[in-house]
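A.B. asks: fold the stuff below for me.
(one chain, ligands or ions: 1)
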Amino acid sequence: MKASIDSSRCEGRKYCARFAPSVFDVDEWGYGRVTATGDLTDAQLADAQTALTSCPEQAISLTP
Ligand code: SF4
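C.D. replies: Sure, this is the predicted structure:
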């Protein structure tokens, strides 16, 4: 699975980086971005799923 963020939805709430710091961080304006390259490990995927359900803007996607 790979993580992505829809930048048109992201409002810079930072839940992604808080719950999955090995998958996401935030840019200089506070908007989320994906730092993990390639397929997520099981641990990254678990954290990314928590981030996905926590993002109030539903900006995070996990795709095969
Ligand atoms: S949690 Fe959602 S809204 Fe907040 S920075 Fe991450 S992707 Fe953007």
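A.B. asks: give me the neighbour count for the residue lying closest to Ser54 once chain neighbours are set aside.
C.D. replies: Spatial nearest neighbour of Ser54, excluding adjacent residues (Cβ to Cβ, 6 or more residues apart in numbering): Tyr15 at 4.3 Å. For the C-beta atoms, the positions are set from N, CA and C on the backbone; glycine is no exception. Other residues lying near Tyr15 total 19 when counted by other Cβ atoms under 10 Å.
A.B. asks: quick check: Tyr15 vs Gly30, distance?
C.D. replies: Distance, Tyr15 to Gly30, using Cβ to Cβ, to the nearest Å: 12 Å.
A.B. asks: for this structure, which residues are neighbours of the ligand?
C.D. replies: Residues of the chain found near the ligand (Cβ under 6 Å from any ligand atom) are 5, 10-16, 26, 31-32, 55, 57, 59-60.
A.B. asks: which phi and psi values does the residue nearest to Ser54 adopt?
C.D. replies: Dihedral angles of Tyr15 (phi, psi; degrees, to the nearest 10) stand at phi -60, psi -30.
A.B. asks: now do it against Glu57, distance only.
C.D. replies: The gap separating Tyr15 from Glu57 is 9 Å, by Cβ to Cβ.
A.B. asks: with Ala43 instead?
C.D. replies: According to Cβ to Cβ, Ala43 and Glu57 sit 24 Å apart.
A.B. asks: same thing with Glu11?
C.D. replies: Using Cβ to Cβ, Glu11 is found at 5 Å from Glu57.
A.B. asks: what of Val26?
C.D. replies: Val26 sits 13 Å away from Glu57, going by Cβ to Cβ.
A.B. asks: strands along this protein, start to end?
C.D. replies: All strands of the chain, identified by DSSP state E, fall at 2-5, 24-26, 32-34, 60-63.
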